[in-house]
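Enquirer: I would like to see how this sequence folds:
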Amino acid sequence: MRKKIKKELKAKNALKKKNELGKIDLWKEIKAEFKKEFDEKPDEEYKFDMWIKPITKAKFDRKCSELTLVVPNSYYVTSISDYFCDRMEAIAKQKFDMTISILLIVGDEIEEEPKRIEEDRTLFIKKEEPQLEKGTFNKSPYFKNHSDFNSFIRDVKEQKIPENTTELNPMPCKYGIDDVATFSLLDSIFFTYPNDKRKKAEVNFTLKLADRSRVKMELRRGQITPADEGRGQLTTTHAKIFLAIVHMWQEQGSRYVDEKGYFSAVNVPIRELAKRLGYRKFGGKIFSYLVKAIESLVSCPFCLSNQERFYSFSFFTSVSGDDDKGNYNRTVFRIMVSPFISRQLYDRRAFLRNSDCYRIKNPTAFKFLLCYDKEIIKGNTLKIGMHDIAEDLEMSSKMLLNVSSVLRAAFRELDGFELNENYKLKAKVIKEGKRYYALAYREPKPKEISSPAEELLVGRLGLQAIG
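Expert: Below is the predicted model:
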């Protein structure tokens, strides 16, 4: 026992001596201690890969005992501050007898060359800013007109995956992380119900344009060409996984690999993905299920066509990664988002939806939201007959027997859903005579009282109203 204590004291004194000589890499030592601690907790190992490992740039100012860490985005600042800073300071005190403070900054503010660790897991950031106007994007999320859409299709058809997919450009005006960005053409029509076993389906697609015109097109799910055999459809489950991954992309700084924003790239820890989707436990079955779903987002095609031409695309272009010798708790995938979607996100042809949308469990509730929320957010009150809503949501023959009951079950989860920071959704089934209708509209959210003074003022106003 004495020998062990003596050995520990010797090691501690050696570190102190190195520190006094300025030879210690403080962040490297703290990082190593975190790795050691998380290795002893198998259920929490993913936290090291998710939060600590990506921090590769650090600088310690000995004059003011301040450790500066560069983190990818503001989401990291909040999480690191809340859960890890106290432990970092404790490690510095314990190992080096130093009292330090932690400064977290977003971006590339320390003048050092970025280091690249494990190509499949770490985003290597280019310092060059792409040629894109900075500032607020206030343009319409819709394409200007039909020729604008055709020009967009021609451009994305010509794009090829760049040879170097490890260097990432930061988007000059990044998306925030409070909501999830959904490309403007995304609609419930892209996804079928989870119990639909068909390999393909042809549906009518309406392209809405900024000039208020509409173009009727055909969308073939599961086909590369109009005459192709079925290759499989994406379901509402795939849609929610896709949106969760896009949200991760936003949190990682909205990065892309080429100069013009045609290929977005995101690192996806599978355990973290499962957590976002609401899985309480994570094991081999859920891991395999999510991996198969991500593969489908690569392999299941769409064919968008009119009488003159067609264009095929998938949601993801490629998936790569290392399964860490079979340990699925540490598996991180690098995913490339297709040009069809990436370019829309880059050009801000996108709508922002509450990120809770990918946690909705009922498939009909999810399809209803994707189908109608744009109109409801604008302030329109929707009153839709059962036959029309069944057609819009592509309900199966079994559902058609009792559409009103199916909708009531969906609205139990959807009623009160927050559309944005100002409005929530109200949805219910009503009966007029012998006919049933779905009624949906927005309702202002009650204002939150931010201070005791405001609370007192509201109370006084309430008393005056009563009086």
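Enquirer: Check which residues of the helix or strand that contains residue 244 are buried.
Expert: When elements are assigned from DSSP states H and E, residue 244 belongs to helix 236-251. By neighbour count on 16 or more other C-beta atoms under 10 Å, the buried set for helix 236-251 is 236-251. In short, each C-beta sits where N, CA and C put it, glycine included.
Enquirer: these two touch, right, residue 415 and residue 425?
Expert: Yes: between residue 415 and residue 425 there is a contact under C-beta atoms under 8 Å: 6.9 Å.
Enquirer: Compare neighbour counts for the two and give me the winner.
Expert: Neighbour count, other C-beta atoms under 10 Å: between residue 415 and residue 425, residue 425 has more, with 22 against 15.
Enquirer: what's the closest of the buried residues of helix 236-251 to residue 99?
Expert: residue 251 (31.7 Å; C-beta to C-beta).
Enquirer: Show me which residues of stretch 94-111 are buried.
Expert: Buried residues in stretch 94-111 (16+ other C-beta under 10 Å): 95-96, 98, 100, 102, 104.
Enquirer: What is the three-state secondary structure of residue 285?
Expert: Of the three states, residue 285 takes helix according to DSSP: H, G, I helix; E, B strand; the rest coil.
Enquirer: Need the per-residue pLDDT for it.
Expert: In this model, residue 285 is scored at 90, pLDDT.
Enquirer: give me the number of residues near it?
Expert: Residues near residue 285, counting by other C-beta under 10 Å: 9.
Enquirer: Show me the buried residues of stretch 94-111 that map onto strands.
Expert: 102, 104 (DSSP state E).
Enquirer: Make CSV from the buried residues of stretch 94-111 and add distance to residue 44 and pLDDT to it.
Expert: Formatted as CSV, those follow (distance: C-beta to C-beta, whole Å; pLDDT from 0 to 100):
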residue, distance to residue 44, pLDDT
95, 21, 82
96, 25, 81
98, 26, 82
100, 24, 83
102, 21, 80
104, 21, 73
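Enquirer: Using a markdown table, please lay out the buried residues of stretch 94-111 together with distance to residue 287.
Expert: Shown next, in a markdown table, are the buried residues of stretch 94-111 (distance: C-beta to C-beta, whole Å):
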| residue | distance to residue 287 |
| --- | --- |
| 95 | 36 |
| 96 | 39 |
| 98 | 41 |
| 100 | 38 |
| 102 | 34 |
| 104 | 32 |
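Enquirer: and which of the buried residues of stretch 94-111 is nearest residue 353?
Expert: residue 104 (28.5 Å).
Enquirer: can you give me the helices for the stretch 251-400 of the chain?
Expert: Assigned by DSSP state H, counting those that start in this stretch, the helices in the stretch 251-400 of the chain fall at 270-276, 284-299, 339-346, 363-377, 386-392, 397-400.
Enquirer: Out of the ones you listed, which gets nearest to residue 260?
Expert: Of all these, it is helix 339-346 that lies closest to residue 260, at 7.6 Å by C-beta to C-beta.
Enquirer: Can I get the closest one in PDB, CA atoms only?
Expert: Provided in PDB are the C-alpha atoms of helix 339-346 (Å, rounded to 0.1, in the frame of the first residue of the first chain):
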ATOM      1  CA  PRO A 339     -27.100  17.200 -54.000                       C
ATOM      2  CA  PHE A 340     -30.900  17.300 -54.400                       C
ATOM      3  CA  ILE A 341     -31.300  18.100 -50.700                       C
ATOM      4  CA  SER A 342     -28.000  19.700 -49.800                       C
ATOM      5  CA  ARG A 343     -28.300  22.400 -52.400                       C
ATOM      6  CA  GLN A 344     -31.800  23.300 -51.200                       C
ATOM      7  CA  LEU A 345     -30.500  23.600 -47.700                       C
ATOM      8  CA  TYR A 346     -27.500  25.700 -48.900                       C
END
